[in-house]
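Peer 1: A structural model of the following input is requested.
(chains A, B and C)
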Amino acid sequence: MTMRIGIDTGGTFTDLVVADDDRVHVVTKSLTTYDDLARGLLNAIEKAELGPAEIDRIVHGTTVALNAILTRRGATVGLVTTQGFRDLLDMGRGWRSQDAIDDPRWRRPHELRPLIPRHLRRTVAERVTAEGEVLVPLDESVLLEEVAWLREQGCLSIAICFLHAYKYPAHEQRAAELVRERFPDVAVSISSDIAPFPREYNRLSTCVLNAYAQPLMASYTRSVEKRLADGGHGAPLMFMTNSGGLHTPETTADRPVTTLNSGPVGGVMGVQSYARLLDLPNLVGLDMGGTSTDVAVVADGRAATARELELEHDIVVSMPVLEIHSIGAGGGSIISVDPAGGLHVGPQSARSDPGPACYGRGGTAPTVTDAALLLGWLNPDTALGGEIQPDLGAAERVFADLGERLGARAGEVATTAMEVAVNSMAEAIRHLTVYRGVDPREFGLLAYGAAGPLAATQVARVLQMPKVVIPALAGVFSAFGLLEGSHVHEEVVPMMSVGTPDTVVAAFETLRETALTAVERFGRTADEVDVEFIVDAMYMGQRWELPTRVDPTHTDPVAHLNEEFGATHTRQFGYALPAPIQIASLRVRVLAADTPAPRPAPLPQRPVAHPVGLREVVLGGHRIPVEIYRSTELAPGQIVRGPAVLEAPSSTCVLVAGDVARVDDRGDIVVDLEGSV
Amino acid sequence: MLFPQPTEMTIAEPVDPVGGTCGECGAATLARYRLVDYRGWLRVVKCRSCLAVASSERVVAPPQGTS
Amino acid sequence: MSTTATDRSVPYAEEVDQRYGLDLTTAEVLRHALRFVALQMQLKINTAALSPLLNETNDFGIGLLAPHAPDRDLDFDAVAMATSAPAHYVINQFYARMAIERWGADRFRPGDVLIYNDPYQGGSHVNDVGALMPIFHGDRLMGFAVSITHWLDIGGPVPGGLGAGLQRDMYAEGIKLSPRLLYRGGELVQETMELFTEQTRIPDLSLNDLQVIRSALQLGVDMAERYIERYGAETYIAASQYTLDYSERAVRRALMEIPDGVYEAEDHLDNDADGNPMLLRCTVRKHTDRIEVDYSGSCREEWFGYASQWSDTVSAAHLGVGAILESIGISPNAGGFRPIHVVVPPGSCLHALPPMSTNAGHTMLFTKALNLVKLAVSQAAESLAVGENYDDVGVLGFAGMDTRGPAPAPFVAMRVYSGPYGGSARGDGCSFTLVEGGNCVEPSLELDEISYPVLMLSKEFVADTAGAGRHRGGPATRALLVPRTDVESIFQLDQCRFPTKGVFGGLPGSRASITVHRKALDDWSAGRDLGPGEVVAGFADPQTGRPVRPDTEGARFMLSKRAGVQFGTGDVVVFQTAGGGGHGDPAERDSADVRRDLRDGIYSSEQAARGGAIDKGV
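Peer 2: Residues are numbered from 1 along each chain as shown, chains lettered A, B, ... in the order given. Now for the predicted structure:
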């Protein structure tokens, strides 16, 4: 029996799940070790007490690179770009952020906290046109002088980005070759390699982020590999990518930007596993964390993709990623009343330090967690996350202060705040469904993370969703999802041309050929996989691509593409056009066929659990006594009707009237929302 | 309705002083003139000191007629 | 509570219940929901539009109008607007409501879309096309989804419009629609569509984008109707009132930040059609939570596009007040504009009377009117003051035939230019973003070069252009553009004559300019120095056409807004914005900030960073 390990290094805990093809065997949680992340990772593995020989593969999700970027603790990096374009990083995409639309005092995030300050942004004579004409040849000697100067300034990582390199990469490739030859100790990231897509700013930003995170990620992958080897763990280590695929440590070290979001993506992959396991092909994932809530959609068994990942306003990674829509409303989000009486949930957060007022660590701002405690949704007698004994009095005090400003009692303000938060989460789901012509009533909601299950059925009810799923492994769900990563591989071919009969035929041919390479790189044979073909396209003149699935063996490619793209466009916008179609890129996704996702270990047969107590809980503004259950005591097949509270060691689920929860043989809880539809 | 280009080089809104004092601040600075609020055109009697409006009536926007 | 509202305190939950018949929870949930809907309508336009002005430049405004309910002081007021171009926030309050009045509110049926673009009916300029769609609950009209979208071309003599100097009066501006149906009960009205497909230079684009508008309005209508269905019509109406009152309270609260007083500012537009500077004046009167913006004393309207609509100016004044207030996050809806009165004398350049053309005046005078409010209120307190930013939406457009494909195709390549802001008490000015009236996504030059036969060879900050100050302004941006076919151009770029102003001892930034190096692409490509060039906009030597300092005797000012100017294949056109004005005495600038600016090449010398003789000219 061979085992796979999913291991997710989060802000507080390092979560680990060990499974074979059928079932999960071990789940552990250990504290993240900030001073030496690789040690924490090894600790987690050792805690699982597995013999090294049993392990087939280790899949890792980490936010090392992301944190380095967000906190600006990356490398000293130099940029070399086309003459005349030194300042793109400070220009971004021009627009102001949502909260500063008419603010003349606003400044761009990169001006305030540069990744590369202006003196380390150098230019070189070279210019290629959109048609590939070399207007100005690359000035190789100036290039080397500039890099030599940057190196003197301490830059051991260089980003190179030239105009139109997405299609004509010769200058970038030559520049990289020269720099690597002359300065072997300098890491080089070139835009045509990292993100070969048009839009100069997006590509440059992606390339710069890669260069910025590169040295740190290289040393991280080295240290993890060394630790594993020292510990006698010979199994191959893989990193989860932003798009749900896997990269080797070497690729990850070269392209850290492809794994920035690996932790959250693990969660989305877990939702995809559950879509298959529970035969619910349409699922929305809801992960409520400390500072934000992440939402993702799995439709027809497949996670949706987006064209970029925005880390801060206009600081973007531009490449296909699994789409995760994040809103600034999590457990630690601060609830405030503005001078005009408007109530806001987030985006400011009390974070983990000092944390919510009820943590009793000096937090004085009311948060969502405080509201949940005050309303009786969270148990005042149980340690939060198994760690912190909540201080109900502190939560009451901060809400009483807030209530005073509104002439309302603490509990009333907490009710309003939670309702605003629940509706914000519902809006985040609408963003990915309703507004794109997708009906959420055809979806189930899968809630995970420490706070995801808390109000999940209430969020679902706003959208008239019929079902909520609380997975047995809700508390380590991202680590669980990492196991799914071994089952996908994606190849992207940038194209950027108009869909004429010739180009469409050529595109379909490219898709078919790419599929062969992709299957081979995936290490499987054709009959072991499903292959999906996606054309990212838009009508000539539009600037936002829509992904469309096609069949590249179709006998009339032009008619087929027109029809499929027209249908996609109609679903989203209500009409199709007799206009030419611009093909931005081609994608081939290879998915392992019929691979069963591992299921949680079976629950033992045991008697139906009885409530462990009764607690006053405020629901819909009414205080009522509600039965409390311990999730770990629930029996297979047991049914619990709302209102009720289900308390697990690391998460709590509040059921409201009409909710009917059924426990399956693995401890997953499926809630039918009667009266929701 | 068409209008000739004004002959004077700068244009000011005619402000006609109105007798009496402001009901709010008591200053003798009431005046009648036209202005635009969020709904459109008004002719107001308004205090030039504390900006309290003593009276107002909706009028037609000048491009649509004389007002 | 339009003119009487003086309650500045937060309403208690009980008052919310009494005044609106709403519990606080429902009130707050619906207040947020209305804004969410508007934001999603915006995204719908972005993602499907063909026009670059809509899919990236964000030159549109979209949102919801409240129901008509006199007992709750609601009269189809703009209740939620998206965050695209702020210049379009309020204008719906006039444009849409006047169209509804003219059409007749009782004539609407579900699925109708009304379209209109007469700027003299509460609009801005003829390119801004208004559209609206009714929201119904059963037979009951519950408000509208509304939009204003800038149409890339609206017919008339100048491709792309904005024809400063070429469009004498409103009859020369393009097609102008009194309100009419674009959709009747959900069915496209073909003859209305044909006005756009037959009479503009962008038939294919219009065919798509008119349907996009409908799609976005439909989303707004569907969502509003869902909320009405869920919460009930009366609750929805009450929540609309609550939402408008909330915004009014927010603005009244913020107005208390400005010391009471009377503040005056003046500025000039570089030129009218004859080359004379145009004087603009603004007096801001402020008392407690009331404010009046008065443009009396501004110069008269001028022919050929040097005039703007009153509705546009009122919108600018509202936005200027919103911008200067330090409190951010004011929801853009009509409630927020209740405390603001605007005096805008008819016949002045800020209040055109028919038959003046306002097509070009819209952008340049809107921005001036907005900045004047900031300049006036800046005198009230150093903490509020903001150095002047580059103003006028810098525009450079080329029209010609694209001969790169199998058959020559006409094209209009229009780009709006972002630029620098002034310093403030908070810090240095932003280096690069659009004037407050807009919020463009900077179009990708790679995509533009694929779409149009125009090269952009440079887009970079220029040393020694930022107005010095304790907090300096942002540096100017210089762009180099090269048409690869013969083209006709339009351009608008102010501050080529009068530089930006600093505040509280801060210094002006450098002037803007446009120059051209004829047939210089090969020289540029070979790395040869192009020399001084020929002035297109700015001060020139009358004999040679070369740039000179403004104080040079006999210097001739070349107009900074024109249409129909020819450029040839391979001409290198240099478009440079003004530099932002400084805030505070540059002698007090932190020495670490000075060192950083020298290191980064924002200034070439400490003397320049401290406000010494730097070149403000050219």
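
Peer 1: Surely A:Val342 is in contact with C:Arg35?
Peer 2: Just to correct that, residue A:342 is Gly rather than Val. No: using Cβ atoms under 8 Å, A:Gly342 is not in contact with C:Arg35, being 10.6 Å away. To be clear about C-beta, it is placed using only N, CA and C from the backbone, and glycine gets the same treatment.

Peer 1: quick one: the helices in the stretch 201-350 of chain A?
Peer 2: A:249-254, A:262-277 (DSSP state H, counting those that start in this stretch).

Peer 1: TSV for the ones you listed, including mean neighbour count, mean pLDDT and distance to chain C?
Peer 2: Output for the helices of the stretch 201-350 of chain A, formatted as TSV (neighbours: other Cβ atoms under 10 Å in any protein chain shown; pLDDT from 0 to 100; distance: least, Cβ to the nearest Cβ, whole Å):
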stretch	mean neighbour count	mean pLDDT	distance to chain C
helix A:249-254	20	94	25
helix A:262-277	27	92	22
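
Peer 1: Of those helices, give the one that comes closest to chain B.
Peer 2: Nearest to chain B, of all the helices of the stretch 201-350 of chain A, is helix A:262-277, at 43.8 Å by Cβ to the nearest Cβ.

Peer 1: Return the residues in contact with A:Phe239.
Peer 2: By Cβ atoms under 8 Å, 6 or more residues apart in numbering or on different chains, A:Phe239 lies in contact with A:59-62, A:221, A:246-249, A:251-252, A:259, A:262.

Peer 1: Tell me the one of those nearest A:Tyr34?
Peer 2: Closest approach between the contacts of A:Phe239 and A:Tyr34, by Cβ to Cβ: A:Thr62, at 12.6 Å.

Peer 1: Look up how far A:Val224 lies from the closest residue to that closest one other than its chain neighbours.
Peer 2: Leaving out its chain neighbours, the residue that sits closest to A:Thr62 by Cβ to Cβ, 6 or more residues apart in numbering or on different chains is A:Thr9, at 4.6 Å. A:Thr9 sits 10 Å away from A:Val224, going by Cβ to Cβ, to the nearest Å.

Peer 1: anything in contact with each of the two?
Peer 2: Shared contacts of A:Thr9 and A:Val224, defined by Cβ under 8 Å, 6+ apart, are found at A:Leu37, A:Leu41, A:His60.

Peer 1: Mind checking which of those residues are in helices?
Peer 2: Within those, residues falling in helices by DSSP state H are A:Leu37, A:Leu41.

Peer 1: I'd like the shared contacts of A:Thr9 and A:Val224 as JSON lines, with distance to B:Cys47 and neighbour count appended.
Peer 2: Formatted as JSON lines, those follow (distance: Cβ to Cβ, whole Å; neighbours: other Cβ atoms under 10 Å in any protein chain shown):
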{"residue": "A:Leu37", "distance to B:Cys47": "68", "neighbour count": "20"}
{"residue": "A:Leu41", "distance to B:Cys47": "73", "neighbour count": "27"}
{"residue": "A:His60", "distance to B:Cys47": "71", "neighbour count": "28"}
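
Peer 1: which one of the shared contacts of A:Thr9 and A:Val224 is nearest C:Gly467?
Peer 2: Distance to C:Gly467, by Cβ to Cβ, is smallest for A:Leu37 among the shared contacts of A:Thr9 and A:Val224, at 46.7 Å.

Peer 1: Report the contact partners of the closest residue to chain B within the stretch 101-250 of chain A.
Peer 2: Nearest residue of the stretch 101-250 of chain A to chain B: A:Asp102, at 16.6 Å (Cβ to the nearest Cβ). A:Asp102 is in contact with C:Pro86, C:Leu319, C:Gly322, C:Ala323, C:Glu436, counting by Cβ under 8 Å, 6+ apart.

Peer 1: Mind doing that once more with 10 Å?
Peer 2: With contact taken as Cβ atoms under 10 Å, 6 or more residues apart in numbering or on different chains, A:Asp102 is in contact with A:96, C:83, C:86-87, C:89, C:318-325, C:328, C:330, C:332, C:370, C:436-437, C:439.

Peer 1: Touching the helix or strand hosting A:Arg615 from outside, list them.
Peer 2: Here A:Arg615, judged by DSSP states H and E, is contained in strand A:613-619. The set of residues external to strand A:613-619 that reach it, using Cβ under 10 Å, 6+ apart, is A:371, A:374-381, A:411-412, A:414-415, A:418, A:458, A:623-630, A:642-645, A:647, A:654-657.

Peer 1: let's see it at 7 Å
Peer 2: Residues from elsewhere that reach strand A:613-619, judged by Cβ atoms under 7 Å, 6 or more residues apart in numbering or on different chains: A:375-377, A:411, A:415, A:623-628, A:643, A:645, A:656.

Peer 1: Can you tell me the strand partners of it and which way each runs?
Peer 2: If you go by DSSP bridges, strand A:613-619 pairs up with strand A:622-630 (antiparallel).

Peer 1: C-terminal to the strand it pairs with, which secondary structure element comes first?
Peer 2: Per DSSP H and E, strand A:622-630 leads on to strand A:639-641 as the next helix or strand towards the C-terminus.

Peer 1: and that following strand, what does it pack onto?
Peer 2: Applying 3 or more Cβ pairs under 7 Å, 6 or more residues apart in numbering or on different chains; DSSP states H and E, one finds that strand A:639-641 makes contact with strand A:659-663.
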